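1. My questions concern the predicted model and sequence given below.
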Amino acid sequence: TERNTLLVLALCTLLVSMIGIAKDQVERPFKLHGYGTAILNFDNGTWTFADKSGEATHLGLFTMPGAGTFIPSFTGTGSLLAANGDEVFWYVEQAGPEYPAFFTITGGTGRFEGASGSFAIMTADEIAAWDGNLLIVTHSLSGVGTITY
């Protein structure tokens, strides 16, 4: 009957939406490259990223806001912000300037909601200049790792 048909259609719609919600996350290779500026404040031991941007797999063009401390160690939080507004949140630790910075993915928005993974970034072509107690470091960057979403 018509009532049974509507019931079956409603059940099928519910099952299809549940399958979409329960979709398994997949680990994928992740690479990025770009350029930017880090500002280190020697008055208070903090840093911020200024004008950091580039291109990354799964994000396309991105900007990379972030901030943290470098005394006693280099740590901080931020995000990779894709051009469409989706974000990948991260936490960073670095043992010292001669070592890569290790980023842990801690979630995201849009298609990256619940994302996890990690990547390491190395910098090159650094130009450093002092402005009072601020050290302004401009560099290129490249990174590799994995992202699960």
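-> All right, it came through fine.

2. And the helices in this structure?
-> In order along the chain, the chain carries the following helices (DSSP state H): 2-21.

3. Specify which residues of it, grouped into ranges, have pLDDT under the cut-off.
-> Judged against pLDDT under 70, the low-scoring parts of the chain cover residues 1-23.

4. Recalculate using a threshold of 50.
-> The model of the chain has pLDDT under 50 over residues 3-11, 14-22.

5. Tell me how many other residues crowd Lys105.
-> That one is not Lys; residue 105 is Ile. Around Ile105 sit 23 other residues, with neighbours defined as other C-beta atoms under 10 Å. Just so you know, the C-beta spots here come from the backbone N, C-alpha and C atoms, and that holds for glycine as well.

6. Contacts only, for it.
-> Listed by C-beta atoms under 8 Å, 6 or more residues apart in numbering, the contact set of Ile105 reads 88-90, 115-119, 147-148.

7. how close does the residue nearest to it when sequence neighbours are not counted sit to Gly143?
-> Taking C-beta to C-beta, 6 or more residues apart in numbering as the measure, Ile105 lies nearest to Gly117, with 4.3 Å between them; neighbours along the chain are not counted. Spatial separation of Gly117 from Gly143 under the definition C-beta to C-beta, to the nearest Å is 12 Å.

8. Give me the nearest residue to Met122, chain neighbours excluded.
-> In space, Met122 comes closest to Pro100 once its chain neighbours are excluded; the distance is 5.0 Å by C-beta to C-beta, 6+ apart.

9. Show me what Trp130 bridges to in the sheet.
-> Applying DSSP bridges to Trp130 yields these beta-bridge partners: Leu135.

10. I misspoke; the intended subject was Thr148.
-> Beta-bridge partners of Thr148, as defined by DSSP bridges: Glu27, Ser116.
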